[in-house]
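# sequence and predicted model, in that order:
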Amino acid sequence: MKVIVFSDSHGSSANLSKVVKAHQDADMFIHLGDGEREFENLVTMYPHLKMYHVAGNCDYNSMHPNELVINADFNIKIFATHGHRYYVKYSLDAIKSTALENGCQIALYGHTHERFSSYEDGLYIMNPGSISCPRDNSKPSYGIIDISKAGILTNIVDV
């Protein structure tokens, strides 16, 4: 199973469209917030693709949830949130705890606009960075998660 993860598009849809077009074979797309309008445009353009979105701190009056637990193949659960409600700029303890309490093996967040990937306490943790305006002196980026019988592989790649 191939999962594409992006975050923090902040009004810029060009890179989102580019990534979705390049990965139409993916099983799932997850937008981690701060880009609800662009996400809704993607859903309209690609109604046949499985897409999820969580509300970010800049997605004002959003009807989308603040967090999701998504069931993936091979009994893998993914916890997805923007991260601002978990204070991810200061610590990952709260998001890790919530993901594990929900039986998840993967925790995804955005908000910081900085790439991060780690494996801690049996949990894969990923922030794909920002797809439009990174703050870590790197290029815009997104994440790819491959889930198979053999395990989980996470990658963060440049747009």
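Done, it's in. Numbers count the residues shown, from 1 in each chain.
# alpha carbons only for contacts and neighbour counts from here, please
OK.
# the helices in the chain, which residues?
Counting by DSSP state H, the segments of the chain that form helices are 14-22, 36-45, 93-101.
# got the angle between the second one and helix 14-22?
In other words, helix 36-45. Counting by axes from the mean of the first three to the mean of the last three C-alpha atoms, to 10 degrees, helix 36-45 lies at 30 degrees to helix 14-22.
# quick one: contacts of helix 36-45?
9, 11-13, 16-17, 31, 49, 51, 53, 55, 59, 62 (C-alpha atoms under 8 Å, 6 or more residues apart in numbering).
# buried ones in that helix?
36, 38, 39, 42 (16 or more other C-alpha atoms under 10 Å).
# same deal with the last one?
Residues of helix 93-101 classed as buried: 95, 96, 99, 100 (neighbour count, 16+ other C-alpha under 10 Å).
# what is that helix packed up against?
Contacts defined by 3 or more C-alpha pairs under 8 Å, 6 or more residues apart in numbering; DSSP states H and E place helix 93-101 against strand 106-108, strand 123-128.
# what are the buried residues along the longest one?
Going back to what we said before, that points to strand 123-128. Within strand 123-128, the residues scored as buried using 16+ other C-alpha under 10 Å are 123, 124, 125, 126, 127, 128.
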